[in-house]
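**Q** Test case, fold it:
(2 chains)
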Amino acid sequence: MNAPLRKSGVVLFVLFGMIFANLNWVQAYKANEYRTNVWNPRVTVDEYKRPRGVIEADSGTALAESRATDDTLKYLRVYPKKEIYAPVLGYKPVSNLATGMEASENDFLSGESDKLFANRISDMFTGENTGGGNVMLSLKSKAQEVAWKQMTDNERGATKGAAVAIDPKTGAIQALVSMPSYDPNQLVTHDKAAAAKAYKELNADKNQPLLNRALAQTLPPGSVFKVIVSAAALQNGYGVDTEIPAGSVYREGGATIRNAEDEVCPDGQVTLKEALTESCNTGYAKLGVKLGAEKVKKAAQDFGFEQEDLKVGDLESGDGLAVAASHTGDIANPDGSTDKAALAQSSLGQRDVRITPMQGALMAATVANGGDQMRPYLVQKLLGPDRRTIYSASPQKLRSPVDSGVAAKLKDMMVSVVENGTGKNAKIDGYTVGGKTGTAQNAEGADPHGWFVGFAFNDKGEPVSAVCVMLENVSGGHASAEAARIAGLIMKAAAGGGGN
Amino acid sequence: MVLVAAFGATVEANKYDELQPNFWVPAALLSILFLGLHIVVRYVAPYADPVLLPTVALINGIGVAFLRRIDIANALNEKEGPPGIFSGIGGRQLAWTLISLILASVLLLLIRDHKNISKYAYTLGLTGIVLMMIPAVLPASLSEVNGAKLWIKLPGVSIQPGEFAKLMLVTFFAYYLVRKREVLSLASKRFLGIDFPRGRDLGPVVTVWLFSLLVLVFEKDLGTALLYFGLFIVTLYVATERSSWLIIGLLLFFGGVYIAYLLGASVGGPFANFYDRADVWLSPFDPEQYNRLGGSYQLVQGLLGLGTGGLFGAGPGAGSPLSVPEVQNDFIFAGLGEEIGLFGLSALLVCYMLIAMRGLRTALGVRDSFGKLVAGGLSFTLGLQVFVILGGITGLIPLTGQTTPFLSAGGSSLMANWLLIAMLLRISNAARGPATGAGGPDRSGPKKAPTQLHGAMTEVIKP
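**A** Modelled structure (predicted):
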């Protein structure tokens, strides 16, 4: 019996050898992978040993900060302004990946960035755990808060919408609001179950509070698109005072174009400026068809349509919040020829034309900045834990869709819209305001979306702010009037002219 | 014991940043206990293997210290003061160790000659089977813990009868095989170069095989089934020296497991649990498995703990074993792995290896077949159990609900394994003692004469 006993000894030896080999595999070979695995709670504990940096508005108001707790996780992420800044900031939950600026500036906030290498080294010697770096956003807290307040308190009871304000000269985003929003604090609580439940509820909400409507959602812009058609016309030999054919009704293919009201451009001819001022549908439909699909699409692309990879955040790393591409649609028949009915409708920003509010604001900013479109950004400064400035944004030109002459004419026409036309609600004291309204049909029987894109110049003739306000499904007619009113107040606040 | 005390001290140093004045108490208590057992052994089994006791004591001590470390972590989480010496799972384990050691001493004192047990073989065998079956028959509410029906839950205590059944079955198998080994080993047909036993002699093997599969299905535990079956096959193999038994056994077992897996996939029902576990084993890092209730969360957390420990470990008290569910039971090895690292675990592994090998050595040395089979069976079972649970934790084989001998919290396992060690000590005493004095002078008891003769014969037959 001894031989089999010896053999079973060998079997045991082999079995133990297998365990040993596997232990080596797990603890030595795979160790690093396991140590940093996202499911490894120790990673989280380690991460929370060091206070995450503060995200602040340009005035220094803390928007996201870390507060010490007596938990296993030493710091709790707190968003003092709750839902106002949530679409920009995102949130940094315990058990999942961060979103928003928390995600795109994660390395810097957590302190892992190479830029903070010196701090890490000095930590090693002092034994201290200084926090991550601080991010100062370009957002103006006053503009943001006015925008949030005006959007949520809008006079038409619209529940969904978005607003973006940009400094036309630099591309710095002054305000970015998406409504409805959510309170990020409930998602970053250390009680993971509660956070998961809150997320599930938000995610299931049919109003989509987690959706960033300013950047990630495209909607038909309505007459706002006439700015693009105007640009196309001005680039192709038209002038501000060029007479274009109009009329009360225009039939093209299967499409029938009418004006919003009978008193709008019933005559056969109007000037381009008048057509924009009164938002003459028939005039622009005919203008679009006359120019042709290619020229309209080209102008749109020049202004940034169809760009899939735009991100607003950090100009240096290029990382940030993704902006959905705005589209003109094909405007073509199945055989490739121009679908004139579609072109007529597209010229009014209907049919397949879709833009993000960010795109609307960029259009206005381009006009205000003499035809140069600045790359929009959110990160103004990166500050070390000791508040030493590590990076400061230097504005970049994104593209130049029109030359300064065309831009000046567009500006002139858009100022006329606010002075004499459909955008009167956007007027603010002490500033020259220009813009364009849009009322977009979206679905059978649904209230239209109200749009306003515009800009404000101060008394020195400098552009101070460009905005886009969008309210979804506005009841009570003149959907764009409320958007124009809000836009004016946002620009006033952004320009430092006080809000209410 | 110095190691155990050092472990406890480091834990406290890490957790409280200072030593508690009584950090040495558990280690000292254990030392006294083991010293007590040692003295008992010296008196009643003077020739017993000198390696077994200290090795087991070391593992047991580390277990108690680690469980106390978990208590401390829990107490810190609840913001309570340091736990008392006998409170918490560490304290209970200490108490269980005391009881187990007393039981082991009693066993050593009562049974002066291991051959005497063979008189009760049938009783033990029957009790063993009954003990095994109880959890399978009991309603889930009384027997199921974490999906495996291995328990008898009484108010206050839960017993894992399988742990004791293991001991009893080894004894029974040994006795049975000593009686039948000639038939089983001689009557056979040669086929394909392998000696196949006669059909009717397959009876007992098939019975045990079916039995294991029933255990697998009704107690929902692959580990236990593997353990029983491996135990039986190995004792059979040792008794008959026929490798055909091994081959038949392994084929049957893996065939059965595979069929159970397929049935689990298609039929579900009682096979579903096994299928789930196999799935978890195959793809633990699949998010779907990870997030599923009863999925791979535990396995993954164990692996992550082990991985975090790396080569040298975080140091006792410096890891966070509490993030691994059930770290005090099945996953104690993963928790320890995080703190003592690959090197510490390897040392533990060597300790287990040492125990099993010394047990087999005892089996080699002892002169009677019954002793050989019992010692061999017990050591092999112990080794196999360590393999099953550690293989499960490290992802080598599907995870099963086995305890890690001497480490895991739990009285049943600790007691049963200490009884096992007591048996090994007793047999090793016979093996290493002078030939005439092995069984003492009381050889004239009711004779199981064949037992002796077979033992004598085997010394001659060597391959």
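**Q** In this structure A:Ser248 contacts A:Glu263, no?
**A** No - checked against C-beta atoms under 8 Å, the pair A:Ser248 and A:Glu263 is beyond contact range at 9.5 Å. Using the backbone N, CA and C atoms, a C-beta is placed for each residue, glycine as well.
**Q** Find me the pLDDT at B:Gly8, would you?
**A** At B:Gly8, the pLDDT value in this model is 59.
**Q** Revised request: answer the last question for A:Leu410.
**A** With respect to pLDDT, A:Leu410 has a value of 91.
**Q** Okay, and it sits in which element?
**A** In the assignment (DSSP states H and E), A:Leu410 maps to helix A:404-420.
**Q** got the CA coordinates for that helix in PDB?
**A** Written as PDB, here are the backbone C-alpha positions of helix A:404-420 (Å, rounded to 0.1, in the frame of the first residue of the first chain):
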ATOM      1  CA  SER A 404     -15.200  91.200 -41.300                       C
ATOM      2  CA  GLY A 405     -17.200  93.000 -43.900                       C
ATOM      3  CA  VAL A 406     -19.800  90.300 -44.100                       C
ATOM      4  CA  ALA A 407     -19.800  90.000 -40.300                       C
ATOM      5  CA  ALA A 408     -20.400  93.800 -40.000                       C
ATOM      6  CA  LYS A 409     -23.400  93.500 -42.300                       C
ATOM      7  CA  LEU A 410     -24.800  90.500 -40.400                       C
ATOM      8  CA  LYS A 411     -24.300  92.500 -37.200                       C
ATOM      9  CA  ASP A 412     -26.200  95.400 -38.700                       C
ATOM     10  CA  MET A 413     -29.100  93.100 -39.700                       C
ATOM     11  CA  MET A 414     -29.200  91.400 -36.400                       C
ATOM     12  CA  VAL A 415     -29.200  94.600 -34.500                       C
ATOM     13  CA  SER A 416     -32.100  95.600 -36.600                       C
ATOM     14  CA  VAL A 417     -34.000  92.500 -35.500                       C
ATOM     15  CA  VAL A 418     -33.700  93.600 -31.900                       C
ATOM     16  CA  GLU A 419     -34.300  97.300 -32.500                       C
ATOM     17  CA  ASN A 420     -37.200  97.000 -34.900                       C
END
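**Q** quick one: buried residues of the next helix or strand along the chain from it?
**A** As assigned by DSSP H and E, the chain's next helix or strand after helix A:404-420 is strand A:432-440. Within strand A:432-440, the residues scored as buried using 16 or more other C-beta atoms under 10 Å in any protein chain shown are A:432-440.
**Q** can you redo these as JSON lines with pLDDT and distance to A:Gln380?
**A** Below are those laid out as JSON lines (pLDDT from 0 to 100; distance: C-beta to C-beta, whole Å):
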{"residue": "A:Thr432", "pLDDT": "91", "distance to A:Gln380": "26"}
{"residue": "A:Val433", "pLDDT": "92", "distance to A:Gln380": "25"}
{"residue": "A:Gly434", "pLDDT": "92", "distance to A:Gln380": "26"}
{"residue": "A:Gly435", "pLDDT": "92", "distance to A:Gln380": "26"}
{"residue": "A:Lys436", "pLDDT": "92", "distance to A:Gln380": "29"}
{"residue": "A:Thr437", "pLDDT": "91", "distance to A:Gln380": "31"}
{"residue": "A:Gly438", "pLDDT": "89", "distance to A:Gln380": "30"}
{"residue": "A:Thr439", "pLDDT": "89", "distance to A:Gln380": "35"}
{"residue": "A:Ala440", "pLDDT": "87", "distance to A:Gln380": "33"}
